[in-house]
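Asks: Got a predicted model here, sequence first, then my questions.
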Amino acid sequence: MIKAIFITGGGSGIGRAVAERFAREGWRVGLADVNASGLRETAALLPAGISDTYVMDVRDRAAWTANLDDFTAKSGGRLDVLFNNAGIGTGGPIAEMSFEDMDRVVAINLGGVLNGAKIGYPYLAKTPGSCLLNTASASAIYGSSGLVVYSATKFGVRALTEGLDGEWFGAGIKVRDLVPGFIDTPLLQGPIEGSNRNIRDAVQAAGLELTRAEDVAEAAWRAVHGDAVHTYVGKTAFRLKFAARWLPGQLRKQMRRGIVSE
């Protein structure tokens, strides 16, 4: 029996690393992304004949249905894991963000995950022991000054994960999320409104660690096969988790300075 995983944001970063990790275990891999060249690069890293690629925007509900239909037809009807991973990072103070950028972050980072959950449900329900895996963020632990819109979407992903873990229990579907710190991926090249820096520059200037995408991929494997609803990845995520529980006043002062600021 060959298991199957469908990955959004599979053209780079975490999605690519997770594809490689699950492919090593012999899984069939569906790769979806808006970046066609990135998809080809990821597919080239996997063993021949085990991957299918789909140029897809997670906001496009018709594309979700068509591509999941196609992938599950090729996987023998199986969808063991749907990895809701696609996202964008646009930072900066909310007062300086354009409405266009705000709407785009919300539509992709949260709306895309909701689309994947709702549309993916019947495919997951047909596969015993299946799992919906979502990419949240350490920004879902405590609201991140300078990344408010992004942080809000990731809080939404965390809430969706917790809610569906209960809602889908009777259907035999596990729902999990990854809560990584700042990952060394192209996402950190996202611009900061009102600044000539990108998010990567600001994170490093703040003295925060970058976590390897490969470490997130290992965490994804553990999350799918474990019982924890939230899987934290990287020193920054664990520090924020600890501070949110035990040092909320200190964390509040830190956020007043801003994670992403000049």
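Replies: Received the coordinates, thanks.

Asks: rest of the way, CA atoms for contacts and neighbours
Replies: Fine.

Asks: Give me the pLDDT for Gly258.
Replies: On the pLDDT scale, Gly258 is placed at 60.

Asks: all helices of the chain, in order?
Replies: 13-24, 36-44, 61-74, 99-106, 112-125, 148-167, 199-205, 213-225, 235-246, 248-257 (DSSP state H).

Asks: mind showing which ranges of the chain have poor pLDDT?
Replies: 184-209, 243-244, 247, 251, 256-262 (pLDDT under 70).

Asks: returning to what we had before: so which of the helices of the chain is the most surrounded?
Replies: helix 13-24 (a mean of 23; mean count of other Cα atoms under 10 Å).

Asks: outside of it, which residues touch it?
Replies: 5, 7-10, 29, 31, 42, 45-47, 50, 85-86, 184-187, 213-214, 216-218, 220-221 (Cα atoms under 8 Å, 6 or more residues apart in numbering).

Asks: got JSON lines for the helices of the chain, with distance to Gly92 too?
Replies: Converted to JSON lines, those look like this (distance: least, Cα to Cα, whole Å):
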{"stretch": "helix 13-24", "distance to Gly92": "22"}
{"stretch": "helix 36-44", "distance to Gly92": "27"}
{"stretch": "helix 61-74", "distance to Gly92": "29"}
{"stretch": "helix 99-106", "distance to Gly92": "11"}
{"stretch": "helix 112-125", "distance to Gly92": "22"}
{"stretch": "helix 148-167", "distance to Gly92": "8"}
{"stretch": "helix 199-205", "distance to Gly92": "9"}
{"stretch": "helix 213-225", "distance to Gly92": "24"}
{"stretch": "helix 235-246", "distance to Gly92": "20"}
{"stretch": "helix 248-257", "distance to Gly92": "13"}
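
Asks: Minimum distance to Ile141: which of those has it?
Replies: Nearest to Ile141, of all those, is helix 235-246, at 6.3 Å by Cα to Cα.

Asks: and the closest one, what other elements does it pack with?
Replies: Packing partners of helix 235-246 (3 or more Cα pairs under 8 Å, 6 or more residues apart in numbering; DSSP states H and E): strand 174-180, helix 248-257.

Asks: The last one - contacts with which helices or strands?
Replies: Other helices and strands packing on helix 248-257, by 3+ Cα pairs under 8 Å, 6+ apart, are helix 235-246.

Asks: quick one: the helix it packs on to strand 174-180, angle?
Replies: Angle of helix 235-246 versus strand 174-180, following axes from the mean of the first three to the mean of the last three Cα atoms, to 10 degrees, is 100 degrees.

Asks: okay, the angle between helix 235-246 and helix 248-257?
Replies: Going by the same axes, to 10 degrees, helix 235-246 makes 130 degrees with helix 248-257.

Asks: Quick check: chain neighbours aside, which residue is closest to Gly30?
Replies: Nearest residue to Gly30, sequence neighbours excluded (Cα to Cα, 6 or more residues apart in numbering): Phe6, at 4.3 Å.

Asks: is it true that the one you found touches Arg78?
Replies: No - counting by Cα atoms under 8 Å, Phe6 sits too far from Arg78 to count as a contact (10.2 Å).

Asks: on that earlier part again, can you tell me which of the helices of the chain comes nearest to Pro180?
Replies: Closest among the helices of the chain, using Cα to Cα: helix 235-246, at 5.8 Å.
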